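[1] here is my input; please provide its structure:
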Amino acid sequence: YEATHDDAAAFARTRDDALAAGEQAVQNMNTLDHRSLEKGLDSWEQSTTGDLHSQLVDGRDAFAEQIAEAKTVSTAEVLSGAVTELDERAGRAGVMVALRVTVTAPKGEPAVKESRLLGSLTRTAGGWKLSALGQAPVGGTGG
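    Alright, predicted model coming up:
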């Protein structure tokens, strides 16, 4: 009974759920194939909420046109991830996700880039969704 109703265990489950959703959403936002563009853009919209979602919906047609013209394929692989903050009551979380993104254009060799992204998550009726996404700062302090 104690293990089932332990606040620490419940918090850990919530943290794990947020991390899994955050990693998947960041991967989705960095994966797009011009050959299945609508499916990819739908995935972006399903992974997001709030202002980020609105920006994607508003810019969808223009972005789809750019990707279709460029004929690129981007695939992302999550290398690691961590929850950086979690406020269960407010339904907010932060994640840092390390990714390897491969972009393949019609001509030339695939370009591979590793990056760290910071995401903000909001709990919705449909689960945790990405509400903001940006590059994590890189490097140390000068001195």
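
[2] can you pull the pLDDT of the residue positioned nearest the centre of the chain?
    Geometric centre of the chain, nearest residue: Val26, 1.6 Å, by Cα atoms, centre = their mean. Note for Val26: predicted pLDDT of 98.

[3] now the element after the helix or strand encompassing it, going C-ward?
    Assigned by DSSP states H and E, Val26 falls within helix 7-29. Counting by DSSP H and E, the element after helix 7-29 in chain order, helix or strand, is strand 32-33.

[4] next, the buried residues of stretch 18-38.
    18-19, 21-32, 34, 37 (16 or more other Cβ atoms under 10 Å). Placement of C-beta: from N, CA and C, glycine included.

[5] ok, the closest residue to Ala111 other than its chain neighbours to Ala76 distance?
    Nearest residue to Ala111 in three dimensions, chain neighbours excluded: Val103, at 4.8 Å (Cβ to Cβ, 6 or more residues apart in numbering). The gap separating Val103 from Ala76 is 10 Å, by Cβ to Cβ, to the nearest Å.

[6] which of the two has more neighbours?
    A direct count of neighbours by other Cβ atoms under 10 Å for Val103 and Ala76 places Ala76 higher, at 21 against 16.

[7] which pLDDT value goes with the residue lying closest to that one once chain neighbours are set aside?
    Once flanking residues are discounted, Ala76 sits nearest to Asn30: 3.6 Å by Cβ to Cβ, 6+ apart. At Asn30 the predicted local confidence, pLDDT, stands at 97.

[8] quick one: the helices in the chain, in order.
    Assigned by DSSP state H, the chain shows helices spanning 7-29, 37-46, 50-70.

[9] may I have the shortest one as PDB, with CA atoms only?
    Extracted as PDB, the C-alpha positions of helix 37-46 are listed here (Å, rounded to 0.1, in the frame of the first residue of the first chain):
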ATOM      1  CA  LEU A  37       5.000  16.100 -45.600                       C
ATOM      2  CA  GLU A  38       1.400  16.300 -44.400                       C
ATOM      3  CA  LYS A  39       2.000  13.400 -42.000                       C
ATOM      4  CA  GLY A  40       5.100  15.000 -40.600                       C
ATOM      5  CA  LEU A  41       3.500  18.400 -40.100                       C
ATOM      6  CA  ASP A  42       0.500  16.700 -38.500                       C
ATOM      7  CA  SER A  43       2.900  15.100 -36.100                       C
ATOM      8  CA  TRP A  44       4.400  18.500 -35.300                       C
ATOM      9  CA  GLU A  45       1.000  19.900 -34.500                       C
ATOM     10  CA  GLN A  46       0.000  16.900 -32.400                       C
END
